[in-house]
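Q: coordinates for the following, if possible.
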Amino acid sequence: MASKSTKSSTAAKSGKRTASASTGQKKGSASSRKTASARASSGKSASGTKAASRTKTSSGRKTSASRAVPEQMEDYEYTDPLIYYEIFLWLILAFSVLLFISYLGFGGVVGEAVSSFFFGCFGSMAYLFPFLLFFLAAFLISNRGSHIARIKAAASFALYLVLCGLLELMMLGYTRGFALMEYYEAGAQYKNGGGLMGGLFVNLFCPTIGMAGAYIMLILMIIICVVLITQRSLFAGVKHQSQRVYRSAREEQQRRREAEPA
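A: Numbers count the residues shown, from 1 in each chain. Next comes the predicted model:
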């Protein structure tokens, strides 16, 4: 009996030990799980912190770079566009002076060839071409972007060409069968008339509408160019003058009526 009780007590003790060991194992596994989850969460927080720090660093770099770009743009100095216009105008002035000197025979071989070309194109009006060239360049530069200024400049050059035709018609008249290159050669050689441009107008109008019609057309074109240049209507001026004459005549008539005895 004593041995049975001893065995039962021993079995009970071993069962308790087994139960306590299993409980300890469960607690150990639970604690290990908690430790692993804590490590994972700490790892995630650390990675999040690193990512946030990287984001902040990259955003800081971008902000500093974006701030540096305007500062660099502010430090960079641009050339004023007016400088280029002024340089171009000085070049036009130099060319005009050299061209006029070539007309006088002081331009050497190149000047003689250039003067012959312009006299062949414009005849006697070539003397005015350097002044016209510089004036139009200065006018367009000072009024750049203006549509009316471009119209005035184009009308001025058209007036110059029409005057070439009128000068050719007045000085040399119309010769039937005269080719355009003969007008050019005559202008380059004798430096008179209207040159090639003048011959173009003469050969265009004289064979079709005669000498009188050519004069009328050239004068009409001159009037149109003057109206475009001045931007003033001739009919408006005539109307204004007629209204002034009518008012003055009416006031004079009223004064005479008042001066008559009753």
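
Q: secondary structure element for Gly177?
A: Using DSSP states H and E, no element contains Gly177; it sits outside every helix and strand.

Q: quick check, pLDDT for it.
A: In this model, Gly177 is scored at 80, pLDDT.

Q: neighbours around it, how many?
A: 6 (other C-beta atoms under 10 Å). Every C-beta, even on glycine, is put in place using the N, C-alpha and C of the backbone.

Q: ok, Pro130 next?
A: Neighbour count of Pro130, defined by other C-beta under 10 Å: 21.

Q: on the three-state scheme, it is what?
A: helix (DSSP: H, G, I helix; E, B strand; the rest coil).

Q: that one is in contact with Ala94, isn't it?
A: No - contact criterion C-beta atoms under 8 Å: Pro130 and Ala94 do not qualify, at 10.7 Å.

Q: put the alpha carbons of the helix or strand harbouring Ala113 into PDB.
A: Applying DSSP H and E as the criterion places Ala113 in helix 108-122. What follows is helix 108-122, C-alpha atoms only, in PDB (Å, rounded to 0.1, in the frame of the first residue of the first chain):
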ATOM      1  CA  GLY A 108      37.000 103.600-104.800                       C
ATOM      2  CA  VAL A 109      36.200 100.700-107.000                       C
ATOM      3  CA  VAL A 110      33.600  99.200-104.700                       C
ATOM      4  CA  GLY A 111      32.000 102.600-104.300                       C
ATOM      5  CA  GLU A 112      31.800 103.200-108.000                       C
ATOM      6  CA  ALA A 113      30.100  99.800-108.600                       C
ATOM      7  CA  VAL A 114      27.600 100.500-105.800                       C
ATOM      8  CA  SER A 115      26.800 104.000-107.000                       C
ATOM      9  CA  SER A 116      26.300 102.700-110.600                       C
ATOM     10  CA  PHE A 117      23.900 100.100-109.300                       C
ATOM     11  CA  PHE A 118      21.800 102.700-107.400                       C
ATOM     12  CA  PHE A 119      21.900 105.200-110.200                       C
ATOM     13  CA  GLY A 120      20.800 102.500-112.600                       C
ATOM     14  CA  CYS A 121      17.900 101.600-110.300                       C
ATOM     15  CA  PHE A 122      16.700 105.100-109.300                       C
END
